[in-house]
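*Asks:* predicted model follows, preceded by the sequence.
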Amino acid sequence: EAAHEFGALNTLLLVVVLGLCILSAYLIKQNNFYYLPESAAAILVGLVVGGLARLVYPSEEELEFLTFEPELFFFLLLPPIIFEAGYTLKKKEFFANFWTIALFAVAGTIVSTVVIGFLVYLMGLMGVASIDTSSPMEAMLFGALISAVDPVATLSIMGNPKLNCDPLLYNLVFGESVLNDAVAIVLFNTFMDFYQSGEEFAGSTIPSVLLRFTAISLGSVLVGIVIGLICSYLCKHTQMRRYPEYEISMIFLFAYGSYAFSEALKLSGIMSLFFCGVVLSHYNNHNLSPTSQVTAHNIFKCMAGLSEFFVYLYMGMGFFTGRFRNWNFIFIVLCIGFCLFSRLCNSFPFSYVANFWRIQKIPFEMKCAIWFAGLRGAIAFALSQNMPGENTDLYVSTTLSIVIFTTVVCGGLTEPMLSKFGMRGQPLPGADGTRYEQLNAPLDSALTDREEDGRGLSTSDAPNQAARTLSARAFWSKFDAMYMQPFFGGDGEIDDELDINVDSQQKRRSAAGGWSPQQQKPTGTPQRSRPRLRTSPAHSKDVEEDGEQT
């Protein structure tokens with residue numbers, strides 16, 4: 001009975017503290033207090049609760065209850081966050097910038113891992129920190145986990161419609177953060193396999209790791225797409241839309257199944273779950289009843305928000321649990337510098353490379369903002385607790401310190417950074433809602449404005465690039481509408497605007513020998529409207545039948 005009472009009291013404590021986190025988040029948004037992001041507020045609440053627990057009731061059971069459990073994070077808290085990111089993804093902006101995002105998320109993470117890993121290994125050889133110097137593999141493991149970028153604090157500020165952050169900057173930072181997490185976990189697990197196998201670090205080790213990483217990534221994406229298509233086909237060809245509670249349950253089970261199935265196959269559950277969410281949003285959302293469309297969006301968003309608060313709260317509380325006794329403040333400061341330097345080594349060079357094929361260039365100010373947005377978060381902290389060897393406490397305490405510093409300090413400086421680099425504009429009309437309700441609705445038109453305006457189209461071969469991009473998109477739009485959507489769901493509409501844009505590009509090329517931004521004028525003001533619910537013809541018929549029965 002004493003154990004039952006202990007569990008009840010701690011559960012009540014957790015509920016109250018989570019309520020305080022939500023209340024603080026509401027007050028921050030309501031008062032536009034940009035210097036304290038919501039995730040940073042949750043960490044600070046956790047620091048206060050953990051400190052009070054340490055002073056008032058420092059029992060072993062209480063401190064154990066306040067300890068962060070990595071398995072709980074990976075199998076219970078992380079899936080809702082990743083699935084919500086894929087399900088609510090602005091697909092047009094994401095895939096329009098996909099190759100740039102992939103360059104940052106894949107190549108950038110690999111570069112960051114190698115830079116941090118060898119710098120940490122060098123510190124070990126110099127005696128600054130007590131780590132395993134018999135092989136660089138332990139340092140590379142730390143480099144992989146600390147390269148997991150999780151800019152929740154920065155994105156919460158960038159997504160505020162009153163700041164009107166540059167849409168391209170938001171899309172690049174958000175897209176990189178989603179894919180980067182999966183890449184970092186795959187790299188960490190791949191290095192872990194090599195570490196546990198006892199193989200010596202040689203010149204062929206890095207190529208072997210990268211080859212395995214590529215195979216795992218492609219397999220994970222394939223699993224997520226296939227499972228998402230199976231769920232869409234099932235909902236499309238059944239009458240499950242008549243029972244909203246069942247179709248939402250099926251979405252949840254298929255999504256979680258893609259994560260568990262990939263993990264069972266030793267693939268990346270995060271990558272599989274993210275692309276499963278993208279597929280379900282693209283196809284299956286049209287198969288759902290209007291009630292389920294709204295309900296599913298809000299449920300997944302609520303679960304992801306609670307999971308994020310829970311994770312950052314526990315990270316704050318874990319600072320005072322006394323579990324990590326190996327603190328090296330010199331090593332912590334150096335690692336913060338290594339993170340900033342490694343971010344510098346991938347954000348600026350890869351932005352320069354991406355500008356070779358991009359129509360809308362990434363300016364220097366945006367490169368600085370992308371570099372600043374490289375915050376570390378919950379995934380890095382969870383991975384650090386799986387570090388092997390005798391130095392786990394050192395890596396965990398260092399990672400926790402880096403996460404708290406980047407989230408509270410760097411996240412709090414996001415608004416001044418946006419103002420400094422000119423990445424914010426005038427508040428959007430009626431900008432009183434949330435990022436999803438206000439900012440995402442004008443994102444399509446804002447990006448279209450920039451594309452139609454010709455801003456960034458400074459090279460002579462820009463029309464060739466634009467024509468190729470639009471042609472590919474037009475081909476996929478027709479293929480999707482003719483062959484995919486009849487089986488898996490969709491509105492069945494072909495984006496005629498793509499064909500018009502392709503024709504206009506070709507006419508401009510034939511009418512003028514060169515290309516200049518002034519030659520391409522916007523034809524009109526784009527219509528800005530909120531996303532509307534779309535229903536399939538079969539679903540409309542069901543609604544009519546239900547109305548007749550009523």
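*Replies:* Looks like it came in fine.
*Asks:* helix or strand: which one has the closest residue to Ala102 other than its chain neighbours?
*Replies:* Leaving aside its sequence neighbours, Ala102 sits nearest to Leu179 (Cβ to Cβ, 6 or more residues apart in numbering; 6.7 Å). All C-beta spots, glycine's among them, are computed from the backbone N, C-alpha and C. Here Leu179, judged by DSSP states H and E, is contained in helix 167-197.
*Asks:* how about that helix: buried residues?
*Replies:* The neighbour-count check on helix 167-197 (16 or more other Cβ atoms under 10 Å) flags 167-192, 194-195 as buried.
*Asks:* what pLDDT, on average, does it get?
*Replies:* For helix 167-197, mean pLDDT rounds to 85.
*Asks:* returning to what we had before: residues touching the residue nearest to Ala102, list them.
*Replies:* Ile101, Ala102, Ala105, Val106, Met271, Phe274 (Cβ atoms under 8 Å, 6 or more residues apart in numbering).
*Asks:* scan those residues and report the most crowded one.
*Replies:* Counting neighbours by other Cβ atoms under 10 Å, Met271 comes out on top of the contacts of Leu179 with 30 neighbours.
*Asks:* so the helix or strand where that one lies versus helix 167-197, what angle?
*Replies:* Secondary structure assigned from DSSP H and E places Met271 in helix 269-282. Here helix 269-282 runs at 140 degrees with respect to helix 167-197, directions being taken by axes from the mean of the first three to the mean of the last three Cα atoms, to 10 degrees.
*Asks:* and the next element down the chain from the helix or strand containing Ser307?
*Replies:* Using DSSP H and E, Ser307 falls within helix 290-318. Sequence-wise, the next helix or strand downstream of helix 290-318 (DSSP H and E) is helix 329-354.
*Asks:* please name the residues that touch the nearest residue to Gly422 once chain neighbours are set aside.
*Replies:* Excluding the flanking residues, the one nearest Gly422 by Cβ to Cβ, 6+ apart is Glu365, at 5.6 Å. Residues in contact with Glu365 (Cβ under 8 Å, 6+ apart) are Phe421, Gly422, Met423.
*Asks:* count of residues packed around the second one?
*Replies:* To tie it back to what came earlier, the one meant is Gly422. Neighbour count of Gly422, defined by other Cβ under 10 Å: 12.
*Asks:* using the three-state scheme, assign it.
*Replies:* Under DSSP: H, G, I helix; E, B strand; the rest coil, Gly422 falls in the coil class.
*Asks:* now it: how far from Leu288?
*Replies:* 41 Å (Cβ to Cβ, to the nearest Å).
*Asks:* residue ranges with poor pLDDT in this protein?
*Replies:* For the chain, the stretches with pLDDT under 70 are 1, 58, 63, 151-153, 201-205, 321-325, 425-472, 491-550.
*Asks:* sorry, back to before: could the contacts of Leu179 be laid out in CSV, adding distance to Pro416?
*Replies:* Shown next, in CSV, are the contacts of Leu179 (distance: Cβ to Cβ, whole Å):
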residue, distance to Pro416
Ile101, 26
Ala102, 30
Ala105, 26
Val106, 31
Met271, 34
Phe274, 31
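*Asks:* what is the nearest of these to Ala481?
*Replies:* Within those, the smallest distance to Ala481 is 24.1 Å, found for Phe274 (Cβ to Cβ).
*Asks:* what helix or strand does the nearest residue to that closest one once chain neighbours are set aside sit in?
*Replies:* Take Phe274 and drop its neighbours on the chain: the residue closest to it by Cβ to Cβ, 6+ apart is Gly86, 4.2 Å away. Gly86 belongs to helix 78-87 when assigned by DSSP H and E.
*Asks:* what residues does the helix or strand hosting Val45 touch?
*Replies:* Taking DSSP H and E as the definition, one finds Val45 inside helix 38-56. By Cβ under 8 Å, 6+ apart, the list of residues contacting helix 38-56 from outside reads 13, 17, 20-21, 24-25, 28-29, 36, 62-63, 66, 152-153, 156, 308-309, 312-322, 377, 404, 407-408, 411-412.
*Asks:* let's go with 6 Å and repeat that
*Replies:* 17, 20-21, 24-25, 28, 62, 66, 152-153, 156, 309, 312-313, 316-317, 319-320, 404, 407-408, 411 (Cβ atoms under 6 Å, 6 or more residues apart in numbering).
*Asks:* and Ile131, what does it touch?
*Replies:* Going by Cβ under 6 Å, 6+ apart, Ile131 touches Gly124, Asn391.
*Asks:* give me the phi and psi angles of it.
*Replies:* The phi/psi pair for Ile131 (degrees, to the nearest 10) reads phi -130, psi 170.
*Asks:* what does Ser112 give?
*Replies:* Torsion angles at Ser112 (phi, psi; degrees, to the nearest 10) stand at phi -60, psi -40.
*Asks:* again, but for Val149
*Replies:* phi -80, psi 130.
*Asks:* run a quick check on it versus Trp371, I expect a contact.
*Replies:* No: the pair Val149 and Trp371 does not pass the contact test of Cβ atoms under 6 Å, sitting 11.1 Å apart.
*Asks:* which of those two has more residues huddled nearby?
*Replies:* For Val149 versus Trp371, neighbours defined as other Cβ under 10 Å are more numerous around Val149 (30 against 17).
*Asks:* how much space between the more buried one and Ser220?
*Replies:* With Cβ to Cβ as the criterion, Val149 and Ser220 are 19 Å apart.
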